[in-house]
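K.L.:
The following block contains a protein sequence and its predicted model.
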Amino acid sequence: MRARASPAVLPACLRNAQTRYNAGTDVATGRDTLSTDWQRVAEEVRERRLALGLKQSEVPGVSAASWRKLEGAKQTSYKLFLLRAVERALEWPPGSIDAIAAGEEVPTQTPGLEVRLNELEARFDRIESQLSYLLDQRQR
């Protein structure tokens, strides 16, 4: 049987990663992470969901119960796949919820979406140009 390292012996990066997903008391600082980190996540997630006009019951991949728990900071830990599904629904880059929980800035938009939008706009312009050409040819 392998011995588990006590939280005090874990490197700082592992202690921090552990407390991001498991809210409660940060073993390194003794700080109550449930009332700070997860409460901030809850507020930011709710604000972003409402800004996008999303209803809890309408988001594929995330149940209404999961939204209520996350937005109410009702749990002391969350599954990683749930956090990533919420980030996708909110159009945030992966890792955004981790950053918010760590006290970093709230992301504004997924960079990939902006690139994809530009690609679609360029494609639309090409299609519009081709249609215009075909209509001109037809009229001749």
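P.N.:
Great, that's in hand. Numbering: from 1, shown residues only.
K.L.:
Now the residue most central in space within the chain: which helix or strand?
P.N.:
Centrality entry for the chain: nearest residue to the mean C-alpha point is E87, 2.1 Å, by C-alpha atoms, centre = their mean. Secondary structure assigned from DSSP states H and E places E87 in helix 80-89.
K.L.:
Please report how far the nearest residue to P60 once chain neighbours are set aside lies from R49.
P.N.:
Distances taken as C-beta to C-beta, 6 or more residues apart in numbering place A89 nearest to P60, at 8.0 Å, with adjacent residues excluded. (Each C-beta comes from the backbone N, C-alpha and C, glycine too.) As for A89, its distance to R49 is 8 Å (criterion: C-beta to C-beta, to the nearest Å).
K.L.:
hey, what's in contact with both of those two?
P.N.:
Counting by C-beta atoms under 8 Å, 6 or more residues apart in numbering, the contacts common to A89 and R49 are V59.
K.L.:
count of neighbours near V41?
P.N.:
26 (other C-beta atoms under 10 Å).
K.L.:
cool, and the one 10 residues further on?
P.N.:
With neighbours defined by other C-beta under 10 Å, the count for A51 comes to 9.
K.L.:
Distance from the chain centre to the longest helix seen in the chain, please.
P.N.:
In the chain, with assignment by DSSP state H, the single longest helix is helix 111-139. Here helix 111-139 is found 31 Å from its chain centre; the criterion is C-alpha atoms, centre = their mean, to the nearest Å.
K.L.:
quick one: the residue nearest to P60 and G61 touch, right?
P.N.:
Yes: if you go by C-beta atoms under 8 Å, A89 and G61 touch, sitting 7.1 Å apart.
K.L.:
Of these two, which one has the most company?
P.N.:
More crowded of A89 and G61, by other C-beta under 10 Å: A89, with 19 against 12.
K.L.:
per the record, what domains does this protein have?
P.N.:
When the chain is parsed with automatic domain parsing, its domains come out as 7-109, 110-140.
K.L.:
which one of these is the most hemmed in?
P.N.:
Per residue and on average, the most neighbours among these fall to domain 7-109, with a mean of 15 (mean count of other C-beta atoms under 10 Å).
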